[in-house]
Structure formats: structure tokens, C-alpha cells
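>>> Only the shape, not the letters, is given here:
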């Protein structure tokens, strides 16, 4: 493994030393076959590249690699930077920044930090199964709460309910946005394409529990899988279930296939749905994104069904919340640029963020 790839940022130096890496395996059913690389990071607030269209500027990613093992995950490419493969290794070689909570608390207290919005779950899921063992998120949320720093979380995990009281405490003092990712309801498809995640029904139950406890959750209906979960009947059933779970808004996002994810997904497709391979090749012949006409058709149908079931408006692009300036602090902090920004963030052909090619409708965080 090329730890120097992960431990170095050209603009800011090493994020952690190679001597700070501890490798562990756990012989328990939930973690069998998974290797955890525990590191002590030197920076945890990541600045989103300036060319990005994402509605936030800062992210926190306590993990790299993900036990959710979603075959379409856009973040797979990041493992290639470590000389790990973007398929099996991404699912089983997980980097854990064990000092994330204490490091975040220190960086939030810096006189240069302006209290800007922090997005989490935008690279890999911060509530993946590993969080059950490492329990980094309580400290992270606690640090944000104590600084009254606005933040958002996007997750497929049910572990967020463990931290419900912390989320409620934070919501009393700052802006907090929670979004669940639920792309479809088909149980067989879920087991095949998202094998390490809680079921769609479980995620909708999480949505309902959040709503019952005073948190207004949104749902990112993602990904909509062409020819697998995109019929009007399927979309309508999914929107109806999301509305019934109490989501305040729904944002559809059609599958996008970047390098790394594309190869893994197409390999899965050839094994499980070989008759669809040529249709996908034609649909994605123009690049990572499905054609605009297809995206617009899906978006229009989801909008219509959301209106039918009274789910409220879907999320629309908006200026990011700029956060709070605490105690007259001066702006100026600059973060690391070594990690990708978030869902839907376009890449240039060489894998660098920043291409301004057309994008699908995306979730926004207030």
C-alpha cells in the first residue's frame, strides 16, 4: 500500500506519518475479511476544491473505504491513490482516522476558523458498520455542537439513531441537516447492489424516527438505476414510501459511473443482468453521466409523485450556509485538498475534481 499517497498533500504536507498506521482485523461475523488501517490524521477539515459546484466548502471524512460495498459507489476511485483496487479492496480495506474527534475539536477552535458549514457522509458513509466499533461520530458531533457549528450528514446507515440525542442537542444551537439515501425499494436488488447497508425499509424507519424526534430529514433518492429501478411504477412506489416515512423533501439522483466505480458496476451488471450491458454502454457512451433527457425524465416523474403524496418541494440548489463567526474570529483557514468532495462531484478525465460538465439534480444542504 502506498501510504505516502494518503499521507501527503502537495499544498500542505503530510496528513499523518507512515509510522502512525496500525493494521487490525477482527474475527467477528460483522467484520470478518475486513482489514482496518488505523491512522492518526494531522488534519480533518477538508476544503472542497474551488471549481466544485457543491453547496458547501468543507467536509469531514473519518473513514476511507466502506463496508457498505455498494457496487456503484463513486468514491471507489480514491482507493487507487493508495495502490489498492477500487473493487474488493475498497470494500475490505478501510482507513480509520482514530483521532478525528479530538483533531476536529482543535481545528474548530482555531482563531482562523470561520464557523462554516461542515458536510459529512459526502465521500464514504460516516455511519458505515465500522462506526459501530470505532464510535468516532459522537465526538465529532459533540465538537460541532460545542462550537455551534452548522453541519449536515448524509447516510445509508441506521447507526445515526445511536447519536440522536447529540443531533438534537446540536440542532438547538445551530443549523443541522440530516439526509437519508434511499434509491429504491426492491429487496432483491438491494441485496445485490448494496450488500453491506441496512435495508431500504430500515432506512425509512430511521427517517420516521428522526421526524418523530423533531429532526426534519430529507431523502436523497439515489441512485436511480437505469432499467432496474426507473419505471414509473417503481419510482412512484419509492416516492410514496419516502413520503409516508415523513421526509420533508426528495431529491432524485440518477446513477453516475466514474472511473473506478464504472468498471466495478459494469462487472456486476455483466454477472447479474448481462442483457443490460449493451444498453448501459449506449446510455453512458458520453461519459460518467446519463444523458440530460434521461435525467430530466426521472426528475420530472419524481417531482410529480412527490407532489401527489404531499412530500413538499424537492431540494433546489442554494447558496451554502456560511456558518457563524465565533468571538470575532478572522477568516483565513485553508484546509487539505487531498480527498474528494461529495456525491455527484464531477471529475476531469484524469480523476481530478473540477470538470464543469452538466450534472444531474443534486441534494443541497441548507
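Ah, there it is. Here the structure is a predicted model, which is why all the values come from computation and not from measurement. Residues are numbered from 1 along each chain as shown.

>>> so what secondary structure elements neighbour the helix or strand harbouring residue 234?
In this assignment (DSSP states H and E), residue 234 forms part of helix 232-244. Applying 3 or more CB pairs under 8 Å, 6 or more residues apart in numbering; DSSP states H and E, we find helix 232-244 packed against helix 200-212, strand 218-224, strand 250-254, helix 292-308. C-beta here means a position set from N, CA and C on the backbone, and glycine is covered the same way.

>>> let's go with 7 Å and repeat that
strand 218-224, helix 292-308 (3 or more CB pairs under 7 Å, 6 or more residues apart in numbering; DSSP states H and E).

>>> Pick the most buried one from those.
strand 218-224 (a mean of 27; mean count of other CB atoms under 10 Å).

>>> ok, residues contacting that one?
Residues from elsewhere that reach strand 218-224 (CB atoms under 7 Å, 6 or more residues apart in numbering): 72, 154, 179-183, 207, 230, 238, 242, 247-255, 298, 302, 315, 363.

>>> Show the average pLDDT along the helix holding residue 234.
For helix 232-244, mean pLDDT is 98.

>>> Now do that helix and helix 200-212, the angle between them.
Calculated by axes from the mean of the first three to the mean of the last three CA atoms, to 10 degrees, helix 232-244 forms an angle of 30 degrees with helix 200-212.

>>> Figure out how far helix 232-244 is from the centre of its chain.
22 Å (CA atoms, centre = their mean, to the nearest Å).

>>> just stretch 297-317 next, same as before
21 Å.

>>> which stretches of the stretch 1-150 of the chain form strands?
8-9, 13-14, 22-25, 35-39, 45-47, 58-60, 63-64, 93-97, 118-120 (DSSP state E, counting those that start in this stretch).

>>> JSON lines please, covering those and showing mean neighbour count.
Below are those laid out as JSON lines (neighbours: other CB atoms under 10 Å):
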{"stretch": "strand 8-9", "mean neighbour count": "16"}
{"stretch": "strand 13-14", "mean neighbour count": "14"}
{"stretch": "strand 22-25", "mean neighbour count": "12"}
{"stretch": "strand 35-39", "mean neighbour count": "19"}
{"stretch": "strand 45-47", "mean neighbour count": "22"}
{"stretch": "strand 58-60", "mean neighbour count": "26"}
{"stretch": "strand 63-64", "mean neighbour count": "22"}
{"stretch": "strand 93-97", "mean neighbour count": "23"}
{"stretch": "strand 118-120", "mean neighbour count": "26"}
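
>>> of all those strands, which lies closest to residue 188?
Nearest to residue 188, of all the strands of the stretch 1-150 of the chain, is strand 93-97, at 26.7 Å by CB to CB.

>>> who touches that closest one?
Outside strand 93-97, the residues that reach it (CB under 7 Å, 6+ apart) are 6, 34-39, 41, 44, 62-65, 67, 84, 130, 134.

>>> How about residue 259, nearest residue that isn't a chain neighbour?
residue 77 (5.8 Å; CB to CB, 6 or more residues apart in numbering).

>>> Is it correct that that neighbour is in contact with residue 258?
Yes: assessed by CB atoms under 7 Å, residue 77 is found in contact with residue 258 at 6.0 Å.

>>> coming back round to it: quick one: pLDDT of the residue nearest to residue 259?
79.

>>> One more: residue 341?
36.

>>> What of residue 337?
Predicted confidence (pLDDT) for residue 337: 37.

>>> what does residue 259 give?
89.

>>> on that earlier part again, want to try CSV for the strands of the stretch 1-150 of the chain, with mean pLDDT and distance to residue 277 as columns?
Output for the strands of the stretch 1-150 of the chain, formatted as CSV (pLDDT from 0 to 100; distance: least, CB to CB, whole Å):
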stretch, mean pLDDT, distance to residue 277
strand 8-9, 40, 38
strand 13-14, 43, 43
strand 22-25, 70, 36
strand 35-39, 91, 32
strand 45-47, 92, 36
strand 58-60, 95, 34
strand 63-64, 92, 30
strand 93-97, 92, 28
strand 118-120, 96, 35
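
>>> which stretch among these comes nearest residue 284?
strand 63-64 (25.8 Å).

>>> List the pairing partners of that closest one within its sheet, with orientation.
strand 93-97 (antiparallel) (DSSP bridges).

>>> Provide a list of residues in contact with the nearest residue to residue 121 once chain neighbours are set aside.
Computed as CB to CB, 6+ apart, the closest residue to residue 121 that is not its neighbour in sequence is residue 154, at 3.8 Å. Residues in contact with residue 154 (CB under 7 Å, 6+ apart) are 121-122, 179, 181, 220, 363.

>>> Please identify which of the residues you listed is nearest to residue 272.
For the contacts of residue 154, the nearest to residue 272 is residue 181 (21.1 Å; CB to CB).

>>> that older thread, tell me the bridge partners for the residue nearest to residue 121.
Counting by DSSP bridges, the residues bridging with residue 154 are residue 179.

>>> now residue 47
Bridge pairing for residue 47 - DSSP bridges - gives residue 58.

>>> how big is the angle separating the helix holding residue 234 from strand 218-224?
Going by the same axes, to 10 degrees, helix 232-244 makes 160 degrees with strand 218-224.

>>> Residues contacting helix 232-244, please?
For helix 232-244, using CB under 7 Å, 6+ apart, the contacting residues are 182, 184-185, 204, 219, 221, 250, 301-302, 305-306, 309-311.

>>> Thank you kindly, that will do.
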